[in-house]
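*Asks:* sequence-free structure coming up:
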Ligand code: 5GP
Ligand code: ZN
């Protein structure tokens, strides 16, 4: 897949994918990049992003839905790779009211200690 024209210049996560901002890589394939969150909220906190700029799940289209699906498949592979066999939680924020602070679609993988039933 060519990434030409798929990035947005002022986007932090596009810069991370391009290697312009350093990150701790966990997983990478043709469509997906995953790295450790800089401010972890759980013992395991990984961000999984598509290698093209899309603001959030609110912007999924017929054209990019297949690649967004590949991000979900990558999450399963990352959970195996990182041995998250006791369980993991996946969260994605879409929009300001949901708490989204970086406007490049990303899924948080959270794991490593017992979670409660709050949020969700
Ligand atoms: P949001 O609140 O948009 O769902 O999540 C954004 C996440 O990106 C936050 O958990 C924040 O800690 C993380 N983050 C923001 N900037 C950087 C960065 O430059 N590097 C890394 N590794 N994570 C970042
Ligand atoms: Zn981006």
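*Replies:* On my side now, so go ahead. Keep in mind the model is a prediction, meaning the values are calculated, not measured. Ligands and ions are numbered 1, 2, ... in the order given.
*Asks:* in this protein, which spans are helices?
*Replies:* 12-18, 65-81 (DSSP state H).
*Asks:* most tightly surrounded among these?
*Replies:* Among those, helix 12-18 has the highest mean neighbour count (mean count of other CB atoms under 10 Å), at a mean of 19. To be clear about C-beta, it is placed using only N, CA and C from the backbone, and glycine gets the same treatment.
*Asks:* who touches that one?
*Replies:* 7-8, 21-23, 33, 35, 47, 49, 51, 53, 102, 104, 106 (CB atoms under 8 Å, 6 or more residues apart in numbering).
*Asks:* report the mean confidence score over it.
*Replies:* Across helix 12-18, the average pLDDT comes to 98.
*Asks:* next, see if that helix gets close to ligand 1.
*Replies:* Yes: against ligand 1, helix 12-18 shows contacts by CB under 6 Å from any ligand atom at residue 12.
*Asks:* circling back to that earlier point, PyMOL command to pick out the buried ones of the contacts of helix 12-18?
*Replies:* To isolate the buried ones among the contacts of helix 12-18 in PyMOL, judged by 16 or more other CB atoms under 10 Å, type:
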select buried, resi 7+8+23+33+35+47+49+51+53+104+106
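*Asks:* residues of this protein that sit close to ligand 2?
*Replies:* By CB under 5 Å from the ion, the residues of the chain that approach ligand 2 are 8, 11, 13, 14, 53, 104.
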